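Student: sequence first, predicted model second:
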Amino acid sequence: MEEKDESKENTAGSRDGEGGQKEKVCFICHRTESKAGKMITIPGGLTVCADCMQRSFDQMNDPKIRNMLNLSNLGNLRNFPGMGMVDPGLSADLQENMEKGKKPTTGVEAGEKDPQARFDVRELPAPHKIKAALDEYVIGQDYAKKVISVAVYNHYKRVRTNTNSKETIEIEKSNMLMIGPTGCGKTYLVKTLSRLLDVPLAIADATALTEAGYIGDDVESVLSKLLEAADNDVVKAQSGIVFIDEIDKIAKKQNTNQRDVSGESVQQGLLKILEGADVEVPVGAMSKNAMVPMTTINTQNILFICGGAFPGLEEIIKKRLTKSSSIGYGAQLKDAYDSDPDILAKVTPGDLKKYGMIPEFIGRLPMIFSLRSLDRNMMVRILKEPKNAILKQYQKLLELDDVKLEFDDDALSCIAEEALEKDTGARALRSVIEKMMLDIMYEVPKDDEIGTVRITRAYIEHKGGPVITLRQSQPRLPRADEHAGHSQS
């Protein structure tokens, strides 16, 4: 009887090598681990070498093969019985779901209900209720809050209407452009909206976007963030909201001989996304590569909100408004609009075009509105009225030490005046408060007898100290970090 080869096959994925030890064998090329290198184990107990795995990915990226196999993305390999694909570029949770036979939701499964039924317009609050909820967190900017509330409400009514094939009237979406100085609440307004509404919302930064092929994020990355916010549910993401901040940073660069890879080219790349198109987006990653599965998102029902400070836009508006200035009686002065706080409210698409935004991009943002710059009264209201106002935060911190914190009205006005001098909007309030409260937060926990701390204008102006009132009743209980036997007087 003839002897068998030194390495005989025992199982589908291993052979006996030298010394009787089993070696893994590639399911495709049948090479052993000693010849092909370390094997990759895929669902089903099969092993594949790195070379064959890479060739498989390259073939899956071929449009002809994808169309022939009818693959919606690389993670969907149901046409190959018993075979799945594990991608090292995916998150651990997504890999675990794919190993269990799950996949990113890409459409209506067999027997599944209409996916648009997840969004019931009757469950969405009416515009006045959305604005009332925003009023609890955002001070002022009533017109901006009204526009956003109506736009979000109409957006989801439109999503449901467009799914009805019997409708003869198609409602088009109204993307928005918010213009306002820094610190007036553009980003905070959208972040608050995302907390109040149970809808997928992604916030992207336009400063990181570059033309495809250059270092930075492609324009499709904004949809990747929306897909991540929707837990990789494509149907849910296709009815979401995207906020692109710092949109003024992609304006055309003036008087440059270098290629503008982060300006006009990015605007051109965003055109198809804003208008509505089928866009291939990586699943579980921010950039495209051969190791990341792709899925298709239709942006027809995605509402886009863009925001930017547009520094220097005021001068363009003033120049247009004072163009008719002349000499003589009734002439319009050149400085007539220098002190106008609502100068941005007079913006026109022509002003944005001169700023550096291309006409095609402006046309896809039909709703253009501005936010007012903050004055002293609004600063004072921001300090004390919102639910999570900074004064309420410090009062809560000292309340944990059984100390009551109070502010005089003159002190609040002084804080607002100092913040306005920094010219950074509401963000300056925290910097002023942090500096002012440092010594108090350091000294108060030392003395158990302190009951009330009142902040005065003299303390803010460094002309005196805070008014401290000792407690008349029993002193506060010892904190957890104090000794149990600490004596109280």
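Tutor: Received the coordinates, thanks.
Student: contacts, neighbours, all on C-alpha from now
Tutor: Fine.
Student: name the nearest residue to Gly308, sequence neighbours excluded.
Tutor: By the measure of C-alpha to C-alpha, 6 or more residues apart in numbering, the closest residue to Gly308 outside its immediate chain neighbours is Glu246, 4.6 Å from it.
Student: quick one: the helices in the stretch 351-489 of the chain, in order.
Tutor: For the stretch 351-489 of the chain, the helices defined by DSSP state H, counting those that start in this stretch cover 359-363, 376-384, 390-399, 409-422, 427-443, 457-460.
Student: could you export those as TSV, including mean pLDDT and distance to Met294?
Tutor: Written out in TSV, the entries for the helices of the stretch 351-489 of the chain read as follows (pLDDT from 0 to 100; distance: least, C-alpha to C-alpha, whole Å):
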stretch	mean pLDDT	distance to Met294
helix 359-363	92	27
helix 376-384	90	44
helix 390-399	91	44
helix 409-422	91	46
helix 427-443	90	39
helix 457-460	91	57
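Student: mind putting these in JSON lines, mean neighbour count and distance to Lys38 included?
Tutor: As requested, the helices of the stretch 351-489 of the chain are exported to JSON lines (neighbours: other C-alpha atoms under 10 Å; distance: least, C-alpha to C-alpha, whole Å):
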{"stretch": "helix 359-363", "mean neighbour count": "15", "distance to Lys38": "50"}
{"stretch": "helix 376-384", "mean neighbour count": "18", "distance to Lys38": "61"}
{"stretch": "helix 390-399", "mean neighbour count": "16", "distance to Lys38": "56"}
{"stretch": "helix 409-422", "mean neighbour count": "18", "distance to Lys38": "60"}
{"stretch": "helix 427-443", "mean neighbour count": "14", "distance to Lys38": "54"}
{"stretch": "helix 457-460", "mean neighbour count": "18", "distance to Lys38": "68"}
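Student: so can I have TSV of those showing distance to Ala133?
Tutor: Rendered in TSV, the data for these read as follows (distance: least, C-alpha to C-alpha, whole Å):
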stretch	distance to Ala133
helix 359-363	30
helix 376-384	16
helix 390-399	18
helix 409-422	25
helix 427-443	22
helix 457-460	33
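Student: and those: which comes nearest Leu270?
Tutor: Distances from Leu270 to each of the helices of the stretch 351-489 of the chain were compared using C-alpha to C-alpha; the shortest belongs to helix 359-363, at 7.8 Å.
Student: does the closest one pack against any helices or strands, and if so which?
Tutor: The contact analysis (3 or more C-alpha pairs under 8 Å, 6 or more residues apart in numbering; DSSP states H and E) places helix 359-363 against helix 264-275, helix 349-355.
Student: looking at the ones you listed, which is nearest to Leu365?
Tutor: Within those, the stretch nearest Leu365 is helix 264-275; the backing value is 8.2 Å (C-alpha to C-alpha).
Student: okay, buried residues for the helix or strand hosting Lys35 please.
Tutor: Lys35 belongs to helix 33-36 when assigned by DSSP states H and E. Burial within helix 33-36, assessed by neighbour count using 16 or more other C-alpha atoms under 10 Å, is assigned to Glu33, Ala36.
Student: okay, the helices and strands packed on helix 359-363, which one's buried deepest?
Tutor: Per residue and on average, the most neighbours among those fall to helix 264-275, with a mean of 19 (mean count of other C-alpha atoms under 10 Å).
Student: show residues contacting that one.
Tutor: When contacts are defined by C-alpha atoms under 8 Å, 6 or more residues apart in numbering, helix 264-275 is touched by residues 175, 209-211, 219, 250-253, 279, 299-300, 304, 357-358, 360-361, 364.
Student: helix or strand right after that helix?
Tutor: Once helix 264-275 ends, the next helix or strand along the chain (criterion: DSSP H and E) is strand 278-282.
Student: now the helices and strands packed on helix 359-363 as JSON lines including mean pLDDT and distance to Pro311?
Tutor: As requested, those are exported to JSON lines (pLDDT from 0 to 100; distance: least, C-alpha to C-alpha, whole Å):
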{"stretch": "helix 264-275", "mean pLDDT": "88", "distance to Pro311": "18"}
{"stretch": "helix 349-355", "mean pLDDT": "91", "distance to Pro311": "9"}
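Student: of those helices, which approaches Asp423 most closely?
Tutor: Closest to Asp423 of the helices and strands packed on helix 359-363, according to C-alpha to C-alpha: helix 349-355, at 22.1 Å.
Student: now do the closest one: which elements does it pack against?
Tutor: Secondary structure elements in contact with helix 349-355, counted by 3+ C-alpha pairs under 8 Å, 6+ apart, are helix 313-321, helix 359-363.
Student: how about a cut-off of 7 Å?
Tutor: Secondary-structure packing of helix 349-355 (3 or more C-alpha pairs under 7 Å, 6 or more residues apart in numbering; DSSP states H and E): helix 313-321.
Student: I'd like the average pLDDT over the helix it packs on.
Tutor: Looking at helix 313-321 alone, the average pLDDT works out to 87.
Student: what sits up against it?
Tutor: Tyr337, Ile343, Leu344, Val347, Asp351, Tyr355 (C-alpha atoms under 7 Å, 6 or more residues apart in numbering).
Student: with stretch 236-251 instead?
Tutor: Under the criterion C-alpha under 7 Å, 6+ apart, residues 159, 199-207, 226-227, 230, 262-264, 266-267, 297-299, 301-310, 356-357 lie in contact with stretch 236-251.
Student: and it, how far apart are its ends?
Tutor: 31 Å (C-alpha to C-alpha, to the nearest Å).
Student: and the contacts of helix 264-275, which of them are buried?
Tutor: Applying 16+ other C-alpha under 10 Å to those, the neighbour count classes 175, 209-211, 219, 250-253, 279, 299-300, 304, 357-358, 361, 364 as buried.
Student: and Ser149, what helix or strand is that in?
Tutor: Here Ser149, judged by DSSP H and E, is contained in helix 142-162.
Student: give the next helix or strand downstream of that helix.
Tutor: Moving toward the C-terminus from helix 142-162, the next helix or strand (DSSP H and E) is strand 176-179.
Student: quick one: which of the contacts of stretch 236-251 sit in helices?
Tutor: The subset of these located in helices under the criterion DSSP state H comprises Val159, Leu226, Leu227, Glu264, Val266, Gln267.
Student: how near is the last one to Asp340?
Tutor: Here the distance between Gln267 and Asp340 works out to 31 Å (C-alpha to C-alpha).
Student: ok, now the third one?
Tutor: Leu227 sits at a distance of 42 Å from Asp340 (criterion: C-alpha to C-alpha).
Student: now do Leu196
Tutor: Computed as C-alpha to C-alpha, the Leu196 to Asp340 distance reads 34 Å.
Student: what about stretch 131-138, distance to the chain center?
Tutor: Offset of stretch 131-138 from its chain centre (C-alpha atoms, centre = their mean, to the nearest Å): 20 Å.
Student: mean confidence for that stretch?
Tutor: On average, stretch 131-138 scores 89.
Student: contacts for stretch 380-388 next, please.
Tutor: Contact with stretch 380-388 is made by Glu136, Tyr137, Val138, Ile139, Ala389, Ile390, Leu391, Lys392, Leu412, Ser413, Ala416, as judged by C-alpha under 7 Å, 6+ apart.
Student: the fourth one: what's it in contact with?
Tutor: With contact set as C-alpha under 7 Å, 6+ apart, Ile139 has these partners: Arg381, Ile382.
Student: phi first, then psi, for it.
Tutor: Summarising the backbone geometry of Ile139 under the convention degrees, to the nearest 10, its torsions are phi -90, psi 140.
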